[in-house]
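Asks: sequence first, predicted model second:
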Amino acid sequence: MSEKLYLPVSLLLSALIISGTIFFVGADMGNKLSGLSVAGTLQKAGTQTNPGIAVAAPLPTPSPSPQPSAGPISLAETSKNFAGKLGKDDAPVIIVEYSDYQCPFCRKWFNDAKSQLDKEYIETGKVQLIYKDFPLGFHPMAPVYAEAARCAGDQGKYWEFHDTIFVEQEKFGQGTISNITKDDVKKWAVDLGLNATEFNSCLDTGKYTSAVQSNVSDGSTAGVGGTPSFVIGKRGGTGQLLVGAQPYASFKTAIDALLN
């Protein structure tokens, strides 16, 4: 009886083994084909230097690390259409700052480095600081702040308002501050002794909206992609773009090299 069953059982076992082999080979081939499909997609999304690797294009976010530009930038061109400037018009070194008022790294640079830069180089006539607006798309209050500072500038208090914007945000802690409103900004104007009617009209009518956007365009042309970004060089010449909330010592080194 067992001999009669031997052949059918053997055939059945062989069929099961062959079926299992086909299943696993098929699954493996499916995975490989799927992998080829994904690889093709990644290659389309990759770069020429790294084909087959998907590199997501990052949003222009603030960066705390220095990133030199690819080439020289005309200081005469990038200094145009500024929001505010500090220092003498004949200072040998120019620093053009592209900044976002709601950017926490911009606020950090303001808190950590700007006052010493003012004292040692700007007030002594060695450096002129030119401020230009570069509000990032994910900071909804940044354009409001930028326009408000310019409106304050109409009444001779651009830099007072510039400082107030950062100081008021710092009261709420570190990081991006998002709980301040346009009404708060108007109250700051009153606290600074500005004519409220003139200030509010300037801000509400968008008097400086196009000027702020023009600065963004200028920054993009110069290679700005994050804030704060600084173009530093000798007056009448070209400058290099440095990105990040760098310490005062970094600016001192760069400025002294240019002065020497």
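Replies: Looks like it arrived, so ask away. Numbering: from 1, shown residues only.
Asks: quick check: bridge partners of the nearest residue to residue 118 once chain neighbours are set aside?
Replies: Of all residues not flanking residue 118 in the chain, residue 86 sits nearest, at 7.0 Å (CB to CB, 6 or more residues apart in numbering). Quick note: C-beta positions are derived from backbone N, CA and C, even for glycine. Assessed by DSSP bridges, residue 86 has beta-bridge partners residue 129.
Asks: residue 86: neighbour count?
Replies: Residue neighbour count, defined by other CB atoms under 10 Å, stands at 20 for residue 86.
Asks: right, and it touches residue 159 too?
Replies: Yes - between residue 86 and residue 159 there is a contact at 6.8 Å, judged by CB atoms under 8 Å.
Asks: got the phi/psi numbers for the one residue sitting closest to the centre of the chain?
Replies: The chain has residue 226 as the residue nearest its centroid, 2.1 Å off, counting by CA atoms, centre = their mean. Per-residue torsions, residue 226: phi -150, psi 170 (degrees, to the nearest 10).
Asks: next one: it from residue 134, what distance?
Replies: Between residue 226 and residue 134 the computed distance is 9 Å (CB to CB, to the nearest Å).
Asks: same check on residue 193?
Replies: Computed as CB to CB, the residue 193 to residue 134 distance reads 29 Å.
Asks: who has more neighbours, those two?
Replies: Set residue 193 next to residue 134 and count neighbours by other CB under 10 Å: residue 134 wins out with 28 against 10.
Asks: wait, the more buried one touches residue 219, no?
Replies: Yes - if you go by CB under 8 Å, residue 134 and residue 219 touch, sitting 4.6 Å apart.
Asks: mutual contacts of the two, please.
Replies: Common neighbours of residue 134 and residue 219, counting by CB atoms under 8 Å, 6 or more residues apart in numbering, are 98, 229.
Asks: which parts of the stretch 101-250 of the chain are helices?
Replies: For the stretch 101-250 of the chain, helices defined by DSSP state H, counting those that start in this stretch occupy the ranges 104-109, 115-117, 142-153, 158-170, 182-191, 196-204, 209-222, 248-259.
Asks: please tell me how far the closest residue in space to residue 74 that isn't next to it in sequence sits from residue 143.
Replies: If the residues on either side of it in the chain are set aside, residue 74 comes closest to residue 238, at 5.9 Å by CB to CB, 6+ apart. Here residue 238 is placed at a distance of 29 Å from residue 143 (CB to CB).
Asks: settle it for me: which of the two has more neighbours?
Replies: Neighbours per residue, other CB under 10 Å: of residue 238 and residue 143, the larger number sits with residue 143, 22 against 15.
Asks: residues touching that one, list them.
Replies: Neighbour list for residue 143: 133, 135, 209, 212 [criterion: CB under 8 Å, 6+ apart].
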